[in-house]
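[1] below is the sequence, then the predicted model.
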Amino acid sequence: MPKKWDEKTYEQVSPNTKLTRTVAEFQYTGQLQGEGLLDCLMFYSSFDEKDPHNATAEYVGLIRFKGNVNGRAGSFVLEDRGAFQAVTAKSSLRILPGSGTDQLEGISGIGTSVATPKTCNIELELRIP
């Protein structure tokens, strides 16, 4: 779940479609221990001002993770591409080549994320040299 979520509309395309930019902060536990900063662009093909969870959107973003992976300290950048529909966000994740630092230098991997208003589940297949 996000610690912070700041989403702003930068263009209202029509009464119920829009483009937004989101900056969010996350705390990770489990295999990933640390924090992530997300910068994301979204296109809402359907949006209800009265009920923001009743929306359909596609998004692309970058998450800068800083922390530990299986006890190895460092950081890396995840590409996050997905869609939001029926209060669920489903993403494909990919660690960007060359983004690993410190003990995570050379890290690579792909995965998925499924988030609802109450839960977030991330599964990553990681390779750390």
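    Yep, it's here.
[2] so who does the residue most central in space within the chain touch?
    Among the residues of the chain, the smallest C-alpha distance to the mean C-alpha position (Cα atoms, centre = their mean) belongs to Asp80, namely 5.1 Å. Contact criterion Cβ atoms under 8 Å, 6 or more residues apart in numbering gives Leu38, Cys40, Tyr59, Val60, Gly61, Leu62, Ile63, Ser91, Ser92, Leu93, Ser113 as the residues in contact with Asp80. Any C-beta I mention is one placed from the backbone N, CA and C, and that applies to glycine too.
[3] does the last one really touch Phe84, like I thought?
    Think Ser113. No: in this structure Ser113 lies outside contact range of Phe84 using Cβ atoms under 8 Å: 11.6 Å.
[4] nearest residue to Thr88 other than its sequence neighbours?
    Closest residue to Thr88 apart from its sequence neighbours, by Cβ to Cβ, 6 or more residues apart in numbering: Thr116 at 5.4 Å.
[5] Ser91 contacts Ser113, correct?
    Yes: the pair Ser91 and Ser113 qualifies as a contact (Cβ under 8 Å) at a distance of 4.2 Å.
[6] which residues touch the residue of the chain positioned farthest from its centre?
    Among residues of the chain, the one most distant from the C-alpha centroid is Pro15; the distance is 26.4 Å, by Cα atoms, centre = their mean. For Pro15, no residue counts as a contact, taking Cβ under 8 Å, 6+ apart as the criterion.
[7] kindly report the same for Val114.
    If you count contacts by Cβ under 8 Å, 6+ apart, Val114 has them with Thr88, Ala89, Lys90, Ser91, Cys120, Asn121.
[8] any idea how far it lies from Ser45?
    Between Val114 and Ser45 the computed distance is 20 Å (Cβ to Cβ, to the nearest Å).
[9] what do you get for Glu123?
    27 Å.
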